[in-house]
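Visitor: sharing a model prediction with you, sequence too.
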Amino acid sequence: MALSVREYRARIKSTQSMKKITRAMELIAASRIIKAQQRAQAAAPYSRELTRAVSAVATFSNVDHALVTEPTESDHCSVLIITSDRGLAGAYSSSVIKEGERLIEKLKAEGKDVTIYTSGRKAAAYFKFRSRPVKQSWAGFSDQPTYEDAKAMAETLIAAFVAEQEADSTDEVHLVYTRFRSMLVQEPVAVRLLPLEVVEGTEAPEAGDVLPLYEFEPSAHDVLDALLPKYVTSRIFTALLQAAASELAARQKAMKSATDNAEELIKKYTRIANQARQAGITQEISEIVGGVNALADANAGQE
Amino acid sequence: MASLQVELVSADRLVWSGEASMIIARTSEGDVGILPGHAPLLSVMLDGVIDVTTVDGETWVAAVDAGFLSVADDRVSVLSEHAEMAHDINLEKAKADLERAHKAGENDGDHVEALAAAWAEARINAVEKAR
């Protein structure tokens, strides 16, 4: 209560303008999130069809491919962490980085070296600040990723995975991103990207069933060769789109609570300011009354 | 008459889906025509044009870049990283892209420029074929 009314007024003003900013950011995030969700939905048919094709090849033919074979021993791992470019999204980036750190710790405990790749400025800044080496980082598209961005990442990671030299090669590639479950729930997840596990199989063929025997052109191996890198790219693209939607949802939530907080603060400051004003008035009145009384007393003494 | 259930899908959206009576696509082995009742097929496509005749007898053309064609039980999925229907293609832009790619390609003969040139050519071909 040490401050004057004027100072409280100034605080109310600044909180009000802060509230305007956070409110605007909340609305922007809310409108963008719909677009982000639409983009994620629009990309779904491609990954669905691709998964179907990959599982068809994997189920109906016995072809080995570099991208699906489990390495006999894996001691070099790569981790790609997908975060946002900008902050003000609550715990979004820090929780996905935390999940990434947990994975890195786990891999290190198993005696593997870990190479880090990052997407989004937040992760790059995090590792740079701690002077930890990052093999490569991508940034500048976290809220509107394009297929080309995913492709650049996939090409780098696949090149590292199939590299012959012991020094550059990696035996496993992990992907850490935030999965968008709903507007309220986004959870950071870590998945193994390479070697590939084809998760969604066409139902296991029953014994007596006649399988659709695919003809492969030019050959099963060539088809797989072209199909798998696209599958990897599509999975990264899906992860990027999910991360973008999650980022916007997290930002909307964070900005909503910031706005609510600002409202609370304004209410509190208004009350204190009113109290201070009232106290000032009371003091003034009591001074006047005291003065009048004193005058009256003095006059009464003279008479 | 039996028909084919076709889906033309690019990486970021579903470009076209519907019923068709015939599809012609360019695979790495040459052009392939698909009619209802085709044997299950999984094939690698090249940059090029696909030609679809719908059940109403209409024909439309789309440009696709390297992708896949899968046929099973009269369902045809055409997967391509980029796909554009002929009427959506900006011919001027495609021509400019082709020229730029050729110019850049003369200097270093890069892989990236070759891909860009192939995609631009596919778009131009699609527009010309649709006329």
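Guide: Cool, the structure landed.

Visitor: can you show me the strands along chain A?
Guide: Counting by DSSP state E, chain A has strands at residues A:76-82, A:113-119, A:136-138, A:172-180, A:186-194, A:215-217.

Visitor: out of the ones you listed, which gets nearest to A:K253?
Guide: strand A:186-194 (9.1 Å; Cβ to Cβ). The C-beta positions use only the backbone N, C-alpha and C, and glycine is treated the same way.

Visitor: what are the pairing partners of that closest one, and which direction each?
Guide: strand A:172-180 (antiparallel) (DSSP bridges).

Visitor: what sits against B:D31?
Guide: B:I24, B:A25 (Cβ atoms under 8 Å, 6 or more residues apart in numbering or on different chains).

Visitor: in a helix, it, correct?
Guide: No. According to DSSP: H, G, I helix; E, B strand; the rest coil, the state of B:D31 is strand, so it is not within a helix.

Visitor: please identify the deepest-packed of the strands of chain A.
Guide: strand A:76-82 (a mean of 25; mean count of other Cβ atoms under 10 Å in any protein chain shown).

Visitor: tabulate the strands of chain A (a markdown table), appending distance to A:F237.
Guide: Formatted as a markdown table, those follow (distance: least, Cβ to Cβ, whole Å):
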| stretch | distance to A:F237 |
| --- | --- |
| strand A:76-82 | 11 |
| strand A:113-119 | 12 |
| strand A:136-138 | 13 |
| strand A:172-180 | 11 |
| strand A:186-194 | 12 |
| strand A:215-217 | 25 |
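
Visitor: share the number of residues neighbouring B:I23, please.
Guide: 21 (other Cβ atoms under 10 Å in any protein chain shown).

Visitor: export stretch A:238-249 as CSV, just CAs?
Guide: C-alpha atoms of stretch A:238-249 as CSV (Å, rounded to 0.1, in the frame of the first residue of the first chain):
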residue,chain,number,x,y,z
THR,A,238,2.9,-36.2,-40.5
ALA,A,239,4.9,-35.5,-37.4
LEU,A,240,5.6,-32.0,-38.5
LEU,A,241,1.9,-31.3,-39.1
GLN,A,242,1.0,-32.7,-35.8
ALA,A,243,3.6,-30.7,-34.1
ALA,A,244,2.4,-27.5,-35.8
ALA,A,245,-1.2,-28.2,-34.6
SER,A,246,0.1,-28.9,-31.1
GLU,A,247,2.2,-25.8,-31.1
LEU,A,248,-0.8,-23.6,-32.0
ALA,A,249,-3.1,-25.4,-29.5
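
Visitor: so which of the strands of chain A gets nearest A:L103?
Guide: strand A:186-194 (4.6 Å).

Visitor: hmm, back to that, so which of the strands of chain A is nearest A:S31?
Guide: Of these, nearest to A:S31 by Cβ to Cβ is strand A:172-180, at 16.5 Å.

Visitor: that closest one - what's its average pLDDT?
Guide: The average pLDDT within strand A:172-180 is 91.

Visitor: now do the contacts for the residue of the stretch 51-200 of chain A found nearest chain B.
Guide: Relative to chain B, the nearest point of the stretch 51-200 of chain A is A:Y147 (4.1 Å; Cβ to the nearest Cβ). Residues counted as contacts of A:Y147 (Cβ under 8 Å, 6+ apart) are A:T233, A:F237, B:A11, B:D12, B:E81.

Visitor: just the pLDDT for the last one.
Guide: Model confidence at B:E81, given as pLDDT, is 84.

Visitor: give the contact list for the nearest residue to the residue of the stretch 51-200 of chain A closest to chain B once chain neighbours are set aside.
Guide: Once flanking residues are discounted, A:Y147 sits nearest to B:A11: 4.1 Å by Cβ to Cβ, 6 or more residues apart in numbering or on different chains. By Cβ under 8 Å, 6+ apart, B:A11 lies in contact with A:A43, A:Y46, A:Y147, A:T233, A:S234, A:F237, B:S80, B:E81, B:H82.

Visitor: run the last query once more with 10 Å
Guide: A:42-43, A:45-47, A:50, A:146-148, A:150-151, A:230, A:233-234, A:237, B:67, B:79-83 (Cβ atoms under 10 Å, 6 or more residues apart in numbering or on different chains).

Visitor: what's the farthest-apart pair in the contacts of A:Y147?
Guide: The distance between the two most remote of these (Cβ to Cβ) is 11.9 Å, for A:T233 and B:D12.
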